[in-house]
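*Asks:* Generate coordinates for the sequence data below:
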Amino acid sequence: MTLDNEFARAQFPAFEVPSLEGQAFFENAGGSYTSRFVIDRLTRFYRERKVQPYGPYEASRLGGEEMDEARTRLAAMLGVETDELSFGPSTTQNTYVLAQAVRQWMKPGEAIVVTDQDHEANTGPWRRLAEAGIELREWKIDPESGHLDPAALENLLDENVRLVCFPHCSNVVGEVNPVTEITAMAHAAGAFVCVDGVSYAPHGFPNLGELGPDIYLFSAYKTYGPHQGIMVIRRDLGAQLPNQAHYFNADTLYKRFTPAGPDHAQVAACAGMADYVDALAEHHGIGGGPADRARAVHDMMRAHEGRLLQPLLDALRARNDLRLLGPERAEGRAPTVAVALREPGLAAARRLAGHGIMAGGGDFYALRALKAMGVEPERGVLRLSFVHYTSSEEVDRLIGALEREL
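*Replies:* Alright, predicted model coming up:
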């Protein structure tokens, strides 16, 4: 099924704003545009429900129901139980809280596997646990390709490993890691799995029940929603980890790892992300339950992105004045494309801005990955990232701007 790109774009007010007219957005990995469904829900909450939720009066009751709706619908789309999904202020903060729970749960001498392919949010908090006597084992990427080889993980696993942490997709390498295969390897060795899905989820919500990880984290503000971190913790592991919230919330799984009070309005607005998926499904004649619709929309998004991505990769691969990080084929990678240049990535992004191209430059908190591939973090990379609402015309404009400026 082919994505109706025009219909998708029509669901994002940013494409109608005069100040953004003529601008092609290629820094989606830093944060996506927000769908009108989310904006409408957020606006309504602040206007009509801005009270303490879950009270006996109408505005309070409705506010609580909208917050519950967000959790229920997103969990159903992701193929997990409702209480296995929780919200927090950011993915970085959610990971930090989880790391504190793991620190209390593990014993000195037990081990965690981390990678050097990750954004710092999914490696730094775990690495700090070495201060508590926990062994850190690093699963290293190939310095040329950035590839994370599952065979290399097998050599790191034994009975002492309790947790394996890796990204679904790197925010600079772009390659999609085989989550199901890696999870099966870790589980067979008796370890749990934590997956950073921040760079993958914008390209379609995965079915976590089928993928199998014990923890999956991503950011709503990169999946067309408000600035919230979304965290799935499967019940088996969540029940084992020590409670990090108020003691009286210890028996509620979705509250155990959110010590801060929820941002009521932003949590409620997250239901707009489900509204958007449902709107795409209805427009394209997709039926079935929430997980079925989400799967079909995921596949449609990925197919559209792949069609747009390959011409960009071909144009970059044909040049000898830059280094393309990650796979050269659209299959198996996300449309998050980092290139190392002779000049700092940020300088190149500034020049592209003169052509109406909104792109990013820097290290993108992936310093370990860049260093492992021989790229100076201070110089950074030029990053060109897009999602399903990007049009083929915008990719053509980007390729043209690159030919003129690089």
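*Asks:* what about the strands in this protein?
*Replies:* Using DSSP state E, the strands assigned to the chain run over residues 24-25, 85-88, 111-115, 135-139, 161-167, 192-196, 215-219, 229-233, 323-324, 336-340, 357-358, 360-362, 381-385.
*Asks:* can you list these in TSV and add mean pLDDT, distance to residue 283 and mean neighbour count?
*Replies:* Yep, even glycine has a C-beta here, placed from its N, CA and C like the rest. Conversion of the strands of the chain to TSV gives the following (pLDDT from 0 to 100; distance: least, C-beta to C-beta, whole Å; neighbours: other C-beta atoms under 10 Å):
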stretch	mean pLDDT	distance to residue 283	mean neighbour count
strand 24-25	98	22	21
strand 85-88	97	26	24
strand 111-115	98	38	23
strand 135-139	98	41	16
strand 161-167	98	31	25
strand 192-196	98	30	26
strand 215-219	98	24	26
strand 229-233	98	24	26
strand 323-324	98	35	18
strand 336-340	98	26	25
strand 357-358	98	27	18
strand 360-362	98	31	21
strand 381-385	98	25	28
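*Asks:* Turn the ones you listed into JSON lines, including distance to residue 297.
*Replies:* Listed next are the strands of the chain as JSON lines, based on distance: least, C-beta to C-beta, whole Å:
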{"stretch": "strand 24-25", "distance to residue 297": "20"}
{"stretch": "strand 85-88", "distance to residue 297": "18"}
{"stretch": "strand 111-115", "distance to residue 297": "29"}
{"stretch": "strand 135-139", "distance to residue 297": "32"}
{"stretch": "strand 161-167", "distance to residue 297": "22"}
{"stretch": "strand 192-196", "distance to residue 297": "20"}
{"stretch": "strand 215-219", "distance to residue 297": "16"}
{"stretch": "strand 229-233", "distance to residue 297": "17"}
{"stretch": "strand 323-324", "distance to residue 297": "29"}
{"stretch": "strand 336-340", "distance to residue 297": "19"}
{"stretch": "strand 357-358", "distance to residue 297": "25"}
{"stretch": "strand 360-362", "distance to residue 297": "26"}
{"stretch": "strand 381-385", "distance to residue 297": "20"}
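*Asks:* check contacts around residue 312.
*Replies:* Residue 312 sits next to 335, 337, 384, 395, 398, 399 when contact means C-beta atoms under 8 Å, 6 or more residues apart in numbering.
*Asks:* which of these lies closest to residue 140?
*Replies:* For the contacts of residue 312, the minimum distance to residue 140 (C-beta to C-beta) is 22.5 Å, reached by residue 337.
*Asks:* Across the sheet, point out what pairs with that closest one.
*Replies:* Using DSSP bridges, the bridge partners assigned to residue 337 are residue 384.
*Asks:* what sits against the residue positioned nearest the centre of the chain?
*Replies:* Central residue check for the chain by C-alpha atoms, centre = their mean: the C-alpha nearest the mean position is that of residue 198, 1.4 Å away. Remark: with contacts taken as C-beta under 8 Å, 6+ apart, residue 198 is in contact with 91, 119, 121, 122, 167, 171, 217, 218, 219, 222.
*Asks:* Would you reformat the residues you listed as TSV and include distance to residue 59?
*Replies:* TSV is the format used below for the contacts of residue 198 (distance: C-beta to C-beta, whole Å):
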residue	distance to residue 59
91	31
119	39
121	36
122	38
167	41
171	40
217	32
218	30
219	29
222	31
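*Asks:* just these now: which is nearest residue 379?
*Replies:* Using C-beta to C-beta as the measure, the one of these that approaches residue 379 most closely is residue 171, at 17.1 Å.
*Asks:* How about the closest one, nearest residue that isn't a chain neighbour?
*Replies:* In this structure, residue 171 finds its nearest non-sequential neighbour in residue 199, 4.3 Å apart by C-beta to C-beta, 6 or more residues apart in numbering.
*Asks:* give me the number of residues near the one you found?
*Replies:* Taking other C-beta atoms under 10 Å as the criterion, the count of residues near residue 199 is 27.
*Asks:* go on, residue 2?
*Replies:* 9.
*Asks:* Let me know the distance separating it from residue 282.
*Replies:* Relative to residue 282, residue 2 is positioned 16 Å away (C-beta to C-beta, to the nearest Å).
*Asks:* ok, the nearest residue to residue 348 once chain neighbours are set aside to residue 86 distance?
*Replies:* Spatially, and ignoring its direct neighbours in sequence, residue 348 is nearest to residue 382 (4.5 Å; C-beta to C-beta, 6+ apart). When distance is defined by C-beta to C-beta, residue 382 is 36 Å away from residue 86.
*Asks:* Helices along the stretch 201-350 of the chain, start to end?
*Replies:* Using DSSP state H, counting those that start in this stretch, the helices assigned to the stretch 201-350 of the chain run over residues 208-211, 235-240, 264-269, 271-283, 290-317, 345-353.
*Asks:* Low-confidence ranges, this protein, go.
*Replies:* Counting by pLDDT under 70, the chain shows no low-confidence range.
*Asks:* what residues go with each domain of it?
*Replies:* Split into domains by automatic domain parsing, the chain comes to 5-36+290-405, 42-274.
*Asks:* Look at the shortest one and report the distance between its end residues.
*Replies:* Chord length of domain 5-36+290-405, first to last residue, is 28 Å (C-alpha to C-alpha, to the nearest Å).
*Asks:* For residue 216, give its distance to residue 358.
*Replies:* When distance is defined by C-beta to C-beta, residue 216 is 29 Å away from residue 358.
*Asks:* Many thanks, I have nothing further to ask.
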